[in-house]
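**Q** A structural model of the following input is requested.
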Amino acid sequence: MSLLSVRCWAGILLAAGICALSAGPATFAQSLTCGDVDASQAIDIGDLSYTVDFLFFSGPRPIPIDCVGDWDASGGLDISDLSAQVDYLFFQGSPPSQNCCTKCSAGYVDCDGNQSNGCEVLLDSNPICAQPVYVGQFYAEEASCSSPTIYVLERGERFVQFLTLDCNATCVPGQPEQFNMHLVLVPPPGVDYDLYLYTDGCAEVKSSVQSGSLTEEIRYTWAGVCGREDAQFWRAEIRYKGGESCETWTLAISRF
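**A** Below you'll find the model as predicted:
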């Protein structure tokens, strides 16, 4: 079915007021059923209405997860799936694939093997710098107080915040000194992540953007004054570029 034909169906549904059916409560079905995008536990005109609303009119997402609307199991919900719905409901077309949630959309992975929640882990979550997760602190002088490495293990995109400190016991107050930090991001096999360093005001300082599942590394040095650098916050971003894995990445933050 052509895009024009599907849009005609969308227009007919809208004119008939059927699209209003998709505004029902977002309740979860007892089990995931491919094609049942509105979780009504039936594949009917309500699902077609729901999909039209989602694709063309910024309606709510399929329940409980997008892949239930992936009729052709292509890994995404798009115009071809809407066409398949129309064919099935009105022209004796093929029913939805029962593998709708076994091939995840880009940026999603199925980590618990449970089809009832589909591809439940979103790696490409687009977090914002203004809402980081605080992960710890360390002394940033080359010769300073004992300072263990901060380790962070997570999946998917993240903004983290950390604090660098000045060990006043090892310097002359008021005298210039050097501070440094070392960030190392080790991704799991098969996933490409990039690493970015920001000030606490979200101004980018430095980045490491190698292609593929390679270790990303940032070394950064800045000048300071003993006794005046007691607490300085920084932020780091782990940005997803592609690939699939349920394993965690590891970020190590320390001085060098």
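**Q** remind me which residues of this protein are low pLDDT?
**A** For the chain, the stretches with pLDDT under 70 are 1-31, 115-116, 142-144, 227-230.
**Q** which one in it is furthest away from the centre?
**A** Val172 (45.5 Å; CA atoms, centre = their mean).
**Q** Skipping its backbone neighbours, what lies nearest that residue in space?
**A** Once flanking residues are discounted, Val172 sits nearest to Cys226: 5.7 Å by CB to CB, 6 or more residues apart in numbering. For every residue, glycine as well, the C-beta is placed using N, CA and C.
**Q** count of neighbours near Leu197?
**A** 19 (other CB atoms under 10 Å).
**Q** For it, list the residues it contacts.
**A** Leu197 makes contact with Met181, Leu183, Glu204, Val205, Lys206, Ser207, Ile218, Tyr220, Trp234, Arg235, Ala236 under the criterion CB atoms under 8 Å, 6 or more residues apart in numbering.
**Q** and it, helix, strand or coil?
**A** For Leu197, the secondary structure call by DSSP: H, G, I helix; E, B strand; the rest coil comes out as strand.
**Q** tell me which element Gln41 is part of?
**A** Using DSSP states H and E, Gln41 is not contained in any helix or strand.
**Q** What is the neighbour count of it?
**A** Gln41, neighbours per other CB under 10 Å, totals 10.
**Q** Same question for Phe256.
**A** The number of residues near Phe256, taken as other CB under 10 Å, comes to 12.
**Q** residues touching it, list them.
**A** Here Phe256 is in contact with Glu142, Asn180, Met181, His182, Arg219 (CB under 8 Å, 6+ apart).
**Q** Go again with 6 Å.
**A** Asn180, His182 (CB atoms under 6 Å, 6 or more residues apart in numbering).
**Q** Kindly report the same for Leu251.
**A** Leu251 touches Val152, Leu185, counting by CB under 6 Å, 6+ apart.
**Q** is it fair to say it lies in a helix?
**A** No: secondary structure of Leu251 (three-state DSSP): strand, not part of a helix.
**Q** all helices of the stretch 51-200 of the chain, in order?
**A** Secondary structure of the stretch 51-200 of the chain (DSSP state H, counting those that start in this stretch): helices at 79-90.
**Q** those strands in it, which residues are they?
**A** Per DSSP state E, counting those that start in this stretch, the stretch 51-200 of the chain carries strands over the ranges 108-109, 121-122, 133-139, 150-154, 158-165, 176-186, 191-199.
**Q** Make a markdown table out of those and add distance to Ala39.
**A** Shown next, in a markdown table, are those (distance: least, CB to CB, whole Å):
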| stretch | distance to Ala39 |
| --- | --- |
| strand 108-109 | 18 |
| strand 121-122 | 19 |
| strand 133-139 | 32 |
| strand 150-154 | 30 |
| strand 158-165 | 30 |
| strand 176-186 | 38 |
| strand 191-199 | 31 |
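**Q** How much space separates the closest residue in space to Pro96 that isn't next to it in sequence from Ala73?
**A** With CB to CB, 6+ apart as the criterion, Pro96 has its nearest non-adjacent residue at 3.5 Å, and that residue is Gly35. For Gly35, the distance to Ala73 (CB to CB, to the nearest Å) stands at 11 Å.
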